[in-house]
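Student: sequence plus the predicted model coming up.
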Number of protein chains: 6
Amino acid sequence: MTDSTDNLNYTDPQQRPRYTGLATFFRLPYREDFEADPPEIGIVGVPYDGGVTNRPGSRHGPREVRNMSSFLRRENQATGAKPFEAKVADIGDAWVTRPYALEGAHQEIEAHFARIHAAGIRPLSCGGDHSVSLPILRGIAGGGPLAMIHIDAHCDTGDGYMGSRFHHGAPFKVAVDEGLLDPRRVVQIGIRGSVHSQEMWAFSYASGMRVMQIEEVEERGWRACMEEALGIVGETPCYVSFDIDALDPVYAPGTGTPEAGGLTMREAQGMVRMLAGLDIRGADLVEVAPPFDTAQMTALNGATIMYELLCAMTAGRAG
Amino acid sequence: MTDSTDNLNYTDPQQRPRYTGLATFFRLPYREDFEADPPEIGIVGVPYDGGVTNRPGSRHGPREVRNMSSFLRRENQATGAKPFEAKVADIGDAWVTRPYALEGAHQEIEAHFARIHAAGIRPLSCGGDHSVSLPILRGIAGGGPLAMIHIDAHCDTGDGYMGSRFHHGAPFKVAVDEGLLDPRRVVQIGIRGSVHSQEMWAFSYASGMRVMQIEEVEERGWRACMEEALGIVGETPCYVSFDIDALDPVYAPGTGTPEAGGLTMREAQGMVRMLAGLDIRGADLVEVAPPFDTAQMTALNGATIMYELLCAMTAGRAG
Amino acid sequence: MTDSTDNLNYTDPQQRPRYTGLATFFRLPYREDFEADPPEIGIVGVPYDGGVTNRPGSRHGPREVRNMSSFLRRENQATGAKPFEAKVADIGDAWVTRPYALEGAHQEIEAHFARIHAAGIRPLSCGGDHSVSLPILRGIAGGGPLAMIHIDAHCDTGDGYMGSRFHHGAPFKVAVDEGLLDPRRVVQIGIRGSVHSQEMWAFSYASGMRVMQIEEVEERGWRACMEEALGIVGETPCYVSFDIDALDPVYAPGTGTPEAGGLTMREAQGMVRMLAGLDIRGADLVEVAPPFDTAQMTALNGATIMYELLCAMTAGRAG
Amino acid sequence: MTDSTDNLNYTDPQQRPRYTGLATFFRLPYREDFEADPPEIGIVGVPYDGGVTNRPGSRHGPREVRNMSSFLRRENQATGAKPFEAKVADIGDAWVTRPYALEGAHQEIEAHFARIHAAGIRPLSCGGDHSVSLPILRGIAGGGPLAMIHIDAHCDTGDGYMGSRFHHGAPFKVAVDEGLLDPRRVVQIGIRGSVHSQEMWAFSYASGMRVMQIEEVEERGWRACMEEALGIVGETPCYVSFDIDALDPVYAPGTGTPEAGGLTMREAQGMVRMLAGLDIRGADLVEVAPPFDTAQMTALNGATIMYELLCAMTAGRAG
Amino acid sequence: MTDSTDNLNYTDPQQRPRYTGLATFFRLPYREDFEADPPEIGIVGVPYDGGVTNRPGSRHGPREVRNMSSFLRRENQATGAKPFEAKVADIGDAWVTRPYALEGAHQEIEAHFARIHAAGIRPLSCGGDHSVSLPILRGIAGGGPLAMIHIDAHCDTGDGYMGSRFHHGAPFKVAVDEGLLDPRRVVQIGIRGSVHSQEMWAFSYASGMRVMQIEEVEERGWRACMEEALGIVGETPCYVSFDIDALDPVYAPGTGTPEAGGLTMREAQGMVRMLAGLDIRGADLVEVAPPFDTAQMTALNGATIMYELLCAMTAGRAG
Amino acid sequence: MTDSTDNLNYTDPQQRPRYTGLATFFRLPYREDFEADPPEIGIVGVPYDGGVTNRPGSRHGPREVRNMSSFLRRENQATGAKPFEAKVADIGDAWVTRPYALEGAHQEIEAHFARIHAAGIRPLSCGGDHSVSLPILRGIAGGGPLAMIHIDAHCDTGDGYMGSRFHHGAPFKVAVDEGLLDPRRVVQIGIRGSVHSQEMWAFSYASGMRVMQIEEVEERGWRACMEEALGIVGETPCYVSFDIDALDPVYAPGTGTPEAGGLTMREAQGMVRMLAGLDIRGADLVEVAPPFDTAQMTALNGATIMYELLCAMTAGRAG
């Protein structure tokens, strides 16, 4: 009888005991110099949290999500997806050398993603706070505005706050203003909590985004919501942004702006799996703030969401 | 273009960055001398835990719930409620100067709530252990017994235990005995866990209270349960008591008597929102015990429940 | 009026305040020398974690589950079960004197359970890692293979891994190979997560086990799944194995191999309660690893599952 | 060659792996019915914290100190003491059946220690808050007042506070008032921190106690301080009371009233070892409050101090 | 007999049980509108951490230090100081309305301290990261450069880093450059750890500051070091800056840049007490980062250092 | 003026912000294929904890020490050492492919270190439990037995325990038995705690090792102790083994066998710095067990000790 699972190849980092070795994303090869032999999907950290309005700490997100991503294995049992059969690599971090000025830092991030985009790589990013989605979109946008599936507790379409239009509660308003997103093809799911005023997310409604509050998800079910969302995005090239605070705080205590009453992981995983057929040009998982985490729960769930995003971005490869 | 959300008024504590300044409830004005200009709703701490039967620590609840309540904002996105358009204030704590004797402490708490009641203020209280609901009811009761919505893992209608009738497992039996509550208009929701014997909550059933165990909530759904509950209370002036251990322990690890298998926050928030039409004369959130909490989860969820209770108590004011 | 609940008997450990005294399982009498007066059900710790493939620590499980089991009381409110009316005792631990060799340790555990079995005691065990289920089955198996209800995130029917066939991902393949289990009467529920390859749990499917992934539980509901499972087991004498990682990591952070998206405690409790009519010859709760726990959540939920298992094993005794 | 350390006797709880089995104090035999065959030293828990003025939780102290005491072994390497060659047992807890009234609880504790004393047992107690030292002294005092070595951050000779003379800041004033202690033979070491007023500990000075503040310990060294202290106590039968908050908070975070700038464990261990020649009639370790602990540090250090106290109480037995 | 300590005045926040009421600094009156009746010493939070080079979180410092400062009482037992006999108040926070730009935020902080200075108040500040010492000095500097006692693990006299001269590793170089400090009257104590290069703190040495590394403190003793330091400062009006990372990480885990091998609290308290005779124009305690804290240790020690600083700033008032 | 510290080179991992990028040891280049271009010093993880006698978890040590080692910078301020001017690299982990058998795992570790030794690399290892020092010594030993400086709470010269001679309490007895160490040139420092019997460490004394208990270190001072130790080792090629439990548990809570009353970090750092002149052939830091750590304290201190060991191993290079 073949002792198949014991034929581990210890020169393959993904086959070693999961507590050993370096903590790259999913124990993938690490290639900072990604232009030399560009992967199809580049997993990239964005350790920047200068855009938060309350609790900082998500600059430490990429390192801790890398750490917990060692728990993920080669094949998605629920769907049969085998994401690592695609050419995937950990391509390092978007280094920010001027972190003390929000707009300058964003320019550096944008330049890094422009470089990734130019190499023909689709990025799967790990924040960092949600403000980084704006320079990512600037970096990867090309011919025409993108559609977007946005899973979050907050619409993040606010306006200026504390002297800046570029904080983590506003990236998607600016992205629409700059023509990077087509608001009529944007769906925001999981929105909830208290707001400063009705103005806070007014731009989402006014611009034509489809906002699904958590109560709608609860009543209709996540599957029906996602089917509608897929119809809205359609064939349009799209971006996926998953803010970990979309999850209920018990699933994601380590985040800057928790809101009670969010998604469960079963709901979130089901939702992301439905994205498999979309034309995804990039995706991010943001707002994992390890200093507020407990039992590494948020990092584990964040890594799991990134794994599901990767499966969706590489769909069609399952054996 | 109007930069509406940036016109923050930094002399208004509720508009300052949420990590700054003093931790009053919801960053409201603090008025210990509440008789001078009585608010409609007075939010009051009851830092007393001398009535517990197992783990103490809820004396520290008010301070930590105050701390985490800074996360809540002006408007309830799910319902449109704007609770702070009512006159609401943090009116301080019910000081207990003789904590070493349970009954004496209760007399002090009762006197404090009688003073609040006399000032025409409806109290929203933050415990403290559940024994404090009894002196609160004594302090605010007036013409005839009240109805009650009671969300909890335990009926708290026990009898004497370890030499006292006034511990945190018994307040509502005594309240019925004293004519403060009409048991036929009392609904207890979320009840579960193991019991010492069938006698433990026998008074609830014998006196005519409607007890909905968690299994009933799961099977019928929280909405159906609450509709029945609202029918039972009807127009009768009522009290609302929310014990944080009604929540599953993952949502409320920081409590004295956790019971596995409880409510989720989505269920709890939905249930409290349905109370908006009732004639609520007072409400409490009890049993948040910060020494047993992790990641400030229980305090955040406790503050959120208090916010929903406040919205229900001020219903009709939403714009 | 009878002050019934105050007639506590302080010579009865189960009636003392729950934070006092020794932490035996459920504050039961402790009888290492169990042959002298054998209980019907013996609750036994198996503090061994030499079979883990990733994070160790479940050797500390029995002590911490004992500690938190003090929260459980005499009667199951949901079902009316009174498990301690059966003769139940804490019969100590399966001492492992040679822990540095996996197979030797298993032989010691097997011998201990053979001794328990010979005394006519049905064991309810607390691991320890899941590898211990194999020597337990060896110790208690008698006339013909057993059926099994297996609630877990992993099938644990793997083959050799890192040089051993006896690690915690493989006990049930070996048990089938050795004729201890009838695979056609084995149901595995809650399975999920990523896998190294399709080979990983292939033995479950090939041997005829009924595997219910978490997605099936979510879609059909736990009640329907369990009804099918009960039909498969039927009247066959059976074993029940509950791996705490069947629960979502928020309910069981303290475990060695967490997988996002698992069962809630309400689901798990409901499922175990349905086992009441089976002919249960032994049961275990494994993989509670306190060093990774937070707020003693995993130990509390583990103790609660053990309580529900005990109720199922003693069904028919409720008054 | 003799494999001496491998001849472990697994029927001896103290020889089993330290993470296994029941958590009695030092894995000693457990004898609640201590009169049957009285040990020389009885180790007893006093799970009562109704006398605290700030943070509660030391009711959970005995169970957690029992847990961590498994780390201690048979022989004190620094001194050669072999404390378990004396007849020592874990004799259970001083059950408090009326915890809601401070004075009643104290009467129960006193009665329990009177029973221990009548059996000829010298008690080594584990609190509970410091108020319990008073009923212990009442229970064991016989012919004439005792001397005392008292290691603590606080003199605990206060007067009435919040309506009671019997809280944890006052036991030793009352003990002097009742003739249980001879103040001229009382030494208080490690005193520090801020005080409400100079009146707070005035009784210590006025009654003739020798108060050594932490600054004196730092300047003279713990050895010189202890030599003076031994001279003051002399041949007089004495009591030893060690409040864990004598330690710096980094060594004892889990306590109710931490004061920065305390003793290190090396100092504390050295000090307790010097007590070996005294005529110790009883000793206690109090104020371990596990809910505020981190990494079980306070419980480990508390268990270690109890071990050193036990060595001092059984001195002369070392081989 | 007078029951003096029981005559608590419950309208005085400092006399109430310490776990109750609002968490102002030392439970002092709160006066944001401080010009109306200026205190002699104003305790002020500076919740800003935009200048960190590694771990953020000290923006949450003021709130948590306020919380733990409730442990401090009216009189310093070691010195007899009674700091609250001076007119002292919690004057709120230095609100930063433009946090996303380091230099702009510093301008706001400077303006706030200029306002405090103009009111004749000497500030005792609680950071925030160490970059805030620069705008504080700008705000309070008047006739000629100040001397400084600086207790820290780092000299913080670095130059530009990541595009800014104003980060938390550089305030005192800029302060010298701007004429706010006289480097020949600056003493830096507790310096240690690894450095990027010898250039890192070269400015300290080149400008004539007296740098005492931790090894010098260990060898000569803190008392001798401080005597030399007092001689250097002499009669010159001075500033005191205490970075909590001067403490060993076990005393201050909750900080952004921990360095092993630091001061103990006994050393630090002794050192600050020796400052009592200086002409202190302002002082700060910075770098308490609660998200990295455990058991509230750093906040407790930070509050204790602030208390000692307050005693030094109000020296001469002890009765 | 030259803005020297701002000329950071962001292609140099050691110059990037410390929270970014991969967590190699000290952010050094990672070279698993170390034979290609062998470094002078190879830093290597040994993620194996199969030899523990109590709490496991040190298999997770290398990854977490790598993580916290990012705090260390290029130059040792206390000594001027510049360790990275030597050729140093992170050469990966000693992969254990057969972890379930202690002796087999040791053989794999030995083979890995033999390969390192054959490449001319001196290893600085990060455990893993202390049992790994034996196979490391086997792997690197050559012409004649080594001397050893061993800093630890335990002598680790025990005999068989629980069926094995190779557990983490015995490596150095076996090493002497095998001629790998010259016991007359072995110094063991920091020894303390309780022992099972006088036999436990009898081999140390009988074989001629110099054992310095913690009491001797306290009385004579670490400097005098180390001077004697250096004299004993002399010019003999030596090994250095530092067990993190040599530190007091407050400095190293995350370890398997904590013993109260240990070294401070200031003492430990001073001691390791004195090793600079020795002929060190290899060194290890063992027993960091992250699951028991709090605030990453043990990992930070472990990384700092490794940094000091590296400085000692590369002494003579400071500019």
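Tutor: Everything's here; your move. Keep in mind that what you see is a predicted model, and the values were worked out from it rather than measured.

Student: CA only for contacts and neighbour counts going forward, please
Tutor: OK.

Student: for residue D:216, see how far away residue A:140 is.
Tutor: With distances taken as C-alpha to C-alpha, to the nearest Å, residue A:140 is found 68 Å from residue D:216.

Student: then residue A:19?
Tutor: For residue A:19, the distance to residue D:216 equals 49 Å [C-alpha to C-alpha].

Student: what segments of the stretch 51-200 of chain A are helices?
Tutor: A:61-68, A:102-118, A:133-140, A:171-177 (DSSP state H, counting those that start in this stretch).

Student: how far off centre is the third one?
Tutor: Between the mean C-alpha point of helix A:133-140 and the mean C-alpha point of its chain there is a distance of 12 Å (C-alpha atoms, centre = their mean, to the nearest Å).

Student: what angle separates it from helix A:102-118?
Tutor: With axes from the mean of the first three to the mean of the last three C-alpha atoms, to 10 degrees defining the directions, helix A:133-140 sits at 40 degrees from helix A:102-118.

Student: is chain F contacted by stretch A:41-61?
Tutor: Yes - applying C-alpha under 8 Å from any C-alpha of the partner chain, one finds stretch A:41-61 touching chain F at A:47, A:59-60.

Student: picking that back up, of the helices of the stretch 51-200 of chain A, which is nearest residue C:98?
Tutor: helix A:61-68 (32.6 Å; C-alpha to C-alpha).

Student: can I get that closest one in CSV, CA atoms only?
Tutor: Below are the C-alpha coordinates for helix A:61-68, written out as CSV (Å, rounded to 0.1, in the frame of the first residue of the first chain):
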residue,chain,number,x,y,z
GLY,A,61,-0.7,43.0,10.1
PRO,A,62,1.3,41.6,7.3
ARG,A,63,3.9,40.0,9.5
GLU,A,64,1.4,38.3,11.8
VAL,A,65,-0.9,37.2,8.9
ARG,A,66,2.2,35.7,7.2
ASN,A,67,2.8,33.8,10.5
MET,A,68,-0.7,32.4,10.8
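
Student: up against chain B, what does the stretch 51-200 of chain A have?
Tutor: Proximity of the stretch 51-200 of chain A to chain B, by C-alpha under 8 Å from any C-alpha, involves residues A:53-55, A:158-163, A:192-200.

Student: equivalent analysis for the stretch 201-319 of chain A, please.
Tutor: Residues of the stretch 201-319 of chain A found near chain B (C-alpha under 8 Å from any C-alpha) are A:213, A:215, A:249-250, A:253-254, A:257, A:260-262, A:292-294.

Student: mind checking which of those land in helices?
Tutor: Among those, the subset assigned to helices under DSSP state H consists of residue A:215.

Student: buried subset of the residues of the stretch 201-319 of chain A next to chain B, written for ChimeraX?
Tutor: To isolate the buried members of these in ChimeraX, using 16 or more other C-alpha atoms under 10 Å in any protein chain shown:
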select /A:213,215,249,250,253,254,257,260,261,262,292,293,294
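
Student: kindly identify which of the residues of the stretch 201-319 of chain A next to chain B also come near chain F.
Tutor: Among these, no residue lies close to chain F (C-alpha under 8 Å from any C-alpha).

Student: pLDDT and distance to chain D added to the residues of the stretch 201-319 of chain A next to chain B, as CSV?
Tutor: Shown next, in CSV, are these (pLDDT from 0 to 100; distance: C-alpha to the nearest C-alpha, whole Å):
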residue, pLDDT, distance to chain D
A:213, 98, 38
A:215, 98, 36
A:249, 98, 22
A:250, 98, 21
A:253, 98, 19
A:254, 98, 19
A:257, 97, 26
A:260, 98, 25
A:261, 98, 27
A:262, 98, 29
A:292, 98, 16
A:293, 98, 16
A:294, 97, 14
